[in-house]
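[1] sequence and predicted model, in that order:
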Amino acid sequence: MQKKLIPKKSKPEELDEEDAKKPAKGTPELLRGFRDILPEEQGRWNLIRDTVRALAEAYSFDRIDLPVLERSDLFQRTIGKSTDIVEKEMYVFTDPSNRSVALRPEATASAARAYIEHGMLERPQPVKFWYEGPMFRHDRPQAGRYRQFYQAGLEVFGAEEPIIDAQLILIGKKFFEAIGLPVKVQINSIGTPECRSAYLTELVSYFRPFRSKLPEDDKRRLQKNPLRLLDSKEEYTMGLLGDAPQILDWLDEKSKEHFMRVIEFLDEVEIPYELNAHLVRGLDYYTHTVFEFMPEGEEGEKAQSALGGGGRYDGLVGLLGGRPTPGCGFAIGMDRIARALADKGINPPQCPPAQVFFAQLGDAARRVGLRLYEQFRAAGIPVAEAAGKNALKAQLEVANKLGVGLTLILGQKEVLDGTIIIRDMESGAQETIDASKVVSVVERKLQKESGVTPAIHSPVSDV
Ligand code: HAM
């Protein structure tokens, strides 16, 4: 039974030396390229998730949840055997039933599988899905590139009209506007497999005389996946691209017409875009329109990494054995977006901060506290506590750190009397009130903009 989670074709020297060096014993540490998204980051993640969800619902996309683990051939057949993702980056392993499975590197292939598997061709078309979740690619970790990262995506199956491409780009642009990150749309068309094949012959003839000088990776691309030469990051190759044949000149009439219409629609809704003749994307299933959302502004442009990307994939469902069905979609990289938000100092709170703190003295007070909590929850007022601490002083210190306006104090005496003390944390003033009225009194005090009313002083022994 083989259960090793290693990328399929890793040579020993490509294995992560840093991870391999980690001691097996001692405190377990994160694997390289994996990370925890801590509570203090969750405000930004909530903003991203809530915005995606609101937009997807506004445009009538239905949520779909797809498994993290799929048969590995799903990705080999769709993303393409000679792509970096399939060749080098997939976490492929044999499961206990001796099947070759992979942690999904993306979700479009899974969405197409689900569309076929659940007979969605029979539903009213187009079928529109949205999803979010973790993806896995064993790429070299660096800023904005992780081995487990999160995407949110929108996919439309069963519509070939160019308006779909344009509307998806519009939704993506609206998403970035809504969260406050300016992006540039880059767009290109890579036509149909037929016109692409004539173009590739031309592209390969153009590069062949330079073959011996090409960097190793690009030599391999020239042989296996020449289209990817267009987005090579190697200086030598990039220098040759200026005179290279351009795919737009090789598009057939139908592909040209499709692309022109997408662009016309974008003009109509005033979405600015840049034509990028070198944009080809790293997945083989695309046809016609491809696009990316690039960060704008100095920092983002330096990073040169897309915050999202997508395109049309009219052959994908057919590739998987389904009745040929057109499709188009895009996904955004949530980690990169969260990072860009942090760089801009956008830091929304994870949840509304507690306005009230509950301090107890003894077990009887703790018991009453349980009921009080429920009453405040029903009233929608978040309450914090430090149940692990016994001394009032220590509890008040926590309340101070949390920055709450009011602390409720319940000691033995108050439990017996059916009362509770309310302390204004700013002035230190305290008043004792009937415990049964505490929620309405607190509500009133919180509503008052100018803070709490003057206290009827009632000191507690160890305040
Ligand atoms: P992709 O361009 O491979 O497309 O990924 C989409 C986005 O995911 C990227 O623009 C980037 O923001 C983010 N991303 C990719 N790899 C990483 C990584 N290693 N670490 C952090 N973020 C990353 C797709 O996956 C297609 N399925 C998109 C699509 C949907 N096309 C049609 N429908």
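    It's in. Predicted model only: the values in this text are computed from it and were never measured.
[2] list phi and psi for the residue nearest to the spatial centre of the chain.
    The residue lying closest to the centre of the chain (Cα atoms, centre = their mean) is residue 334, at 2.5 Å. Main-chain dihedrals, residue 334, degrees, to the nearest 10: phi -70, psi -30.
[3] now do the contacts for it.
    45, 48, 49, 132, 149, 150, 151, 152 (Cβ atoms under 8 Å, 6 or more residues apart in numbering). Yep, even glycine has a C-beta here, placed from its N, CA and C like the rest.
[4] could you redo the last one with a cut-off of 6 Å?
    Residue 334 makes contact with 48, 150, 152, according to Cβ atoms under 6 Å, 6 or more residues apart in numbering.
[5] likewise for residue 95?
    residue 101.
[6] check what pLDDT it gets.
    Looking at residue 95, its pLDDT is 98.
[7] any idea how far residue 289 is from it?
    36 Å (Cβ to Cβ, to the nearest Å).
[8] please apply the same query to residue 201.
    From residue 201 to residue 289 the distance is 23 Å (Cβ to Cβ).
[9] the two: who's more crowded?
    residue 289 (27 against 13; other Cβ atoms under 10 Å).
[10] surely the more buried one is within a strand?
    Yes: assessed by DSSP: H, G, I helix; E, B strand; the rest coil, residue 289 belongs to a strand.
[11] hey, what's the residue in the stretch 251-400 of the chain that the ligand sits nearest to bridged with?
    In the stretch 251-400 of the chain, the residue that lies nearest the ligand is residue 333 (2.1 Å; Cβ to the nearest ligand atom). Under the criterion DSSP bridges, residue 333 forms beta bridges with residue 151.
[12] what is the neighbour count of it?
    23.
[13] ok, now residue 54?
    Residues lying near residue 54 (other Cβ under 10 Å) number 12.
[14] again with residue 324
    Residues contacting residue 324 under the criterion other Cβ under 10 Å number 10.
[15] circling back: between the contacts of residue 334, which sits nearest the ligand?
    Using Cβ to the nearest ligand atom, the contacts of residue 334 come closest to the ligand at residue 150, 7.9 Å.
[16] list the contacts for the closest one?
    Applying Cβ under 6 Å, 6+ apart, we find residue 150 in contact with 134, 334, 335.
[17] got the domain ranges for the protein?
    What automatic domain parsing lists as the domains of the chain is 6-192+252-343, 356-450.
[18] show me where the protein dips below the pLDDT cut-off.
    1-24, 298-304, 449-463 (pLDDT under 70).
[19] up against the ligand, what does it have?
    106, 108, 137, 139, 144-146, 149, 151, 153, 155, 282, 306-311, 329-331, 333, 335-336 (Cβ under 6 Å from any ligand atom).
[20] of those residues, grab the buried ones for ChimeraX.
    The ChimeraX command for the buried members of those (criterion: 16 or more other Cβ atoms under 10 Å) is given here:
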select :106,108,137,139,144,145,146,149,151,153,155,282,306,307,308,309,310,311,329,330,331,333,335,336
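[21] which ones among the residues of the chain next to the ligand lie within helices?
    Per DSSP state H, helices hold the following members of those: 108, 335, 336.
[22] now, among those, which is nearest to residue 448?
    Checking those against residue 448 with Cβ to Cβ, the nearest one is residue 335 at 42.1 Å.
[23] excluding chain neighbours, what is closest to that closest one?
    residue 149 (4.7 Å; Cβ to Cβ, 6 or more residues apart in numbering).
[24] distance of the one you found relative to residue 346?
    Separation of residue 149 from residue 346 (Cβ to Cβ): 20 Å.
[25] which element is residue 338 on?
    Assigned by DSSP states H and E, residue 338 belongs to helix 334-343.
[26] after that helix comes which helix or strand?
    Moving toward the C-terminus from helix 334-343, the next helix or strand (DSSP H and E) is strand 356-360.
[27] for that following strand, packing partners?
    helix 363-378, strand 383-385, helix 392-402, strand 406-410 (3 or more Cβ pairs under 6 Å, 6 or more residues apart in numbering; DSSP states H and E).
[28] now stretch 245-255 - C-alpha only, CSV.
    Taking Å, rounded to 0.1, in the frame of the first residue of the first chain, the C-alpha atoms of stretch 245-255 are listed here in CSV:
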residue,chain,number,x,y,z
PRO,A,245,4.2,35.1,-35.1
GLN,A,246,1.1,36.2,-33.2
ILE,A,247,-1.8,33.9,-32.6
LEU,A,248,-4.4,36.6,-33.4
ASP,A,249,-3.2,36.5,-37.0
TRP,A,250,-3.9,32.8,-37.3
LEU,A,251,-7.5,32.8,-36.0
ASP,A,252,-10.1,31.5,-38.3
GLU,A,253,-13.1,33.7,-39.1
LYS,A,254,-15.4,32.2,-36.4
SER,A,255,-12.7,32.7,-33.7
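[29] now that stretch, how far from the chain's geometric center?
    Using Cα atoms, centre = their mean, to the nearest Å, the mean C-alpha position of stretch 245-255 is found 33 Å from that of the whole chain.
[30] swap in stretch 114-122?
    26 Å.
[31] can you check stretch 126-138 too?
    On Cα atoms, centre = their mean, the centre of stretch 126-138 falls 9 Å from that of its chain.
[32] can you check stretch 339-355 too?
    16 Å.
[33] check which residues of that stretch are buried.
    Buried positions in stretch 339-355, judged by neighbour count with 16+ other Cβ under 10 Å: 339, 340, 341, 354, 355.
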